[in-house]
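Visitor: predicted model follows, preceded by the sequence.
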Amino acid sequence: AFSWRRLLRVLSPYGGLTVVYFITRWIAMRGTTPFAQAGNYAPTLDLNRALSHLVLYAGDFLNISLANPWIHGTGSFATLFGLPSPHTWERTFLAGGALLFLVTVVPALVRDARVWSGLCLTGAFIAPTLLVGLAQTYYLLVPLAGVAMALAVSLSAWSQGPRRVLTVLWTAVVLVCVVNCWVMRRNVEGLFWYSAGNAARQAYQSMIEPEKDRPIRSLTLMVADPSIVWYWKWVLDPFSTPGLVQALANKPHLEFRVQEFDLTKARLLVGEVSPVYFLRDGTFAKFADLVIKAGGPLQTRAGQRFNVQPDGTSAIWLQTENVPRSSVVILGDRRLPSMVAGATAVSCTVPRELYAKPGKYPIYVEDALTGRRSNALQFTVAP
């Protein structure tokens, strides 16, 4: 029979552990460690965020990819069997699992006080993590053990008939979890750490290698998508300590400044010693003045082809500086099919209609990612 005295006696072995853990984690998050200076780890009371974390944790308990696919991988049992609307099936499974857990555990709470021990252990370990911005999978290791303990005790508290039915249902849930977990984890490229490692390598190849001959101490990355600024801050400057990129470059003191892209700020930063790079749609580009030094041919007669290519088209070459691969040549107001061969050479083909009539047209290079333009040369079509 349930009694408060018995409940306190059952919970007493866990009380000290959970209280000490809660206080220790709170101090760790609030202390003078680098975690305290990282925005995603600064403890704040945000009900919406706490509820979203709880949904994520519930999904993790059932191996459902309901939140961040970088952590959980991609796909699920629904995609494996080709079921329509996979997300609907996943949410249905989550809701069904939560309902089954409540049906199993809630009646047992008044029959066996030991059920409370597992739930209290789970709550005490999860509660501090609801105060921070990041929801980490490893937060769930001890809470998952507490849930399993509460579930096992709850099943034993039921009479034989209902226990058999609940055991069959939970066996089916576990089998679905196993299949679901296998499907999600087989695509390793979808996992968070794999993605982060590739991002660090891409950043090193795109920003550090081009600057290897310069004695730089800091570098600015401006990100077009504000929703992933935090991610690149974490990749490039985790908790203000050397990260993967610094290790690859063998420059432990290299500082990264990551911020949302702002054209005005970027132009102001270009004059500094620190290089400025721009990231959009997975492509890095150095933010510097685009310069055309020379080019040719820059004149022809109306209707007369020039610098004829094997396919019969006319072409113009440009000698440039700081031109990213996202650049395109513009003649007058017409964008031309362009080929960027490194930062110092660009070529383009010119349609016949652009030199069919006499005239003078500006020709310049524009970075399609940032809208920056180079100086202009003049292309002349004589009568």
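Guide: Great, that's in hand. In this text, all values refer to a predicted model and were calculated from it rather than measured experimentally. Numbers count the residues shown, from 1 in each chain.

Visitor: rest of the way, CA atoms for contacts and neighbours
Guide: Fine.

Visitor: could I get stretch 110-127 in PDB with only the CA atoms?
Guide: Once side chains and other backbone atoms are set aside, the C-alpha atoms of stretch 110-127 remain, and they are given as PDB (Å, rounded to 0.1, in the frame of the first residue of the first chain):
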ATOM      1  CA  VAL A 110      -0.100   4.700  -6.100                       C
ATOM      2  CA  ARG A 111       0.600   1.000  -5.900                       C
ATOM      3  CA  ASP A 112       4.400   1.000  -5.500                       C
ATOM      4  CA  ALA A 113       6.400   3.900  -4.100                       C
ATOM      5  CA  ARG A 114       9.500   2.600  -5.800                       C
ATOM      6  CA  VAL A 115       8.300   4.000  -9.100                       C
ATOM      7  CA  TRP A 116       8.800   7.500  -7.700                       C
ATOM      8  CA  SER A 117      12.600   6.900  -7.300                       C
ATOM      9  CA  GLY A 118      13.200   6.500 -11.100                       C
ATOM     10  CA  LEU A 119      11.000   9.500 -12.000                       C
ATOM     11  CA  CYS A 120      12.700  11.700  -9.400                       C
ATOM     12  CA  LEU A 121      16.100  10.600 -10.600                       C
ATOM     13  CA  THR A 122      15.000  11.500 -14.200                       C
ATOM     14  CA  GLY A 123      13.600  14.900 -13.200                       C
ATOM     15  CA  ALA A 124      16.600  15.900 -11.100                       C
ATOM     16  CA  PHE A 125      19.000  15.200 -13.900                       C
ATOM     17  CA  ILE A 126      17.000  16.800 -16.700                       C
ATOM     18  CA  ALA A 127      15.800  19.900 -14.800                       C
END
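
Visitor: now residue 161: which helix or strand?
Guide: Taking DSSP states H and E as the definition, one finds residue 161 inside helix 160-185.

Visitor: doesn't residue 362 make contact with residue 331?
Guide: Yes. Between residue 331 and residue 362 there is a contact at 5.9 Å, judged by Cα atoms under 8 Å.

Visitor: quick one on the thing from earlier: helices or strands up against the helix holding residue 161?
Guide: Of the remaining helices and strands, those touching helix 160-185 by 3 or more Cα pairs under 8 Å, 6 or more residues apart in numbering; DSSP states H and E are helix 77-80, helix 141-157.

Visitor: tell me which helix or strand in this structure has the weakest average pLDDT.
Guide: Among the helices and strands of the chain, helix 69-72 carries the lowest confidence by mean pLDDT, DSSP states H and E, at a mean of 40.

Visitor: quick one: low-confidence parts of the chain?
Guide: Applying pLDDT under 70 to the chain flags the ranges 1-4, 6-43, 59-81, 83, 85-87, 90, 133-138, 180-193, 238-242, 270-273.

Visitor: one step back: quick one: which of residue 331 and residue 362 has more around it?
Guide: A count of neighbours by other Cα atoms under 10 Å puts residue 331 above the other of residue 331 and residue 362, at 21 against 14.

Visitor: the more buried one bridge partners, please.
Guide: residue 334, residue 363 (DSSP bridges).

Visitor: how much space separates it from residue 349?
Guide: Counting by Cα to Cα, to the nearest Å, the separation of residue 331 from residue 349 is 10 Å.

Visitor: what do you get for residue 267?
Guide: When distances are taken as Cα to Cα, residue 267 and residue 349 turn out to be 30 Å apart.

Visitor: which one of those two has more residues nearby?
Guide: Legend: neighbour count by other Cα under 10 Å for residue 267 and residue 349, higher for residue 349 (18 against 15).

Visitor: surely that one is in a helix?
Guide: No. Assessed with DSSP: H, G, I helix; E, B strand; the rest coil, residue 349 is strand; it does not lie in a helix.

Visitor: now it: how far from residue 51?
Guide: If you measure residue 349 against residue 51 using Cα to Cα, the figure is 57 Å.

Visitor: let me know the helix or strand that residue 379 is in.
Guide: Per DSSP H and E: residue 379 is located in strand 377-382.

Visitor: tell me which helix or strand the residue sitting nearest the centre point of the chain sits in.
Guide: Note on the chain: the residue nearest the mean C-alpha position is residue 231, at 5.2 Å, using Cα atoms, centre = their mean. Assigned by DSSP H and E, residue 231 falls within helix 229-236.

Visitor: now swap in residue 97 and tell me
Guide: Assignment of secondary structure by DSSP H and E places residue 97 within helix 86-109.

Visitor: for that helix, packing partners?
Guide: Packed against helix 86-109 by the contact rule (3+ Cα pairs under 8 Å, 6+ apart) you find helix 47-61, helix 77-80, helix 114-126, helix 141-157.

Visitor: closest one to residue 280 among the ones you listed?
Guide: The closest of those to residue 280 is helix 47-61. By Cα to Cα, the value is 27.7 Å.

Visitor: and that closest one, what does it pack against?
Guide: Based on contacts counted as 3+ Cα pairs under 8 Å, 6+ apart, the elements that helix 47-61 packs against are helix 86-109.

Visitor: okay, the angle between the helix it packs on and helix 141-157?
Guide: Here helix 86-109 runs at 60 degrees with respect to helix 141-157, directions being taken by axes from the mean of the first three to the mean of the last three Cα atoms, to 10 degrees.
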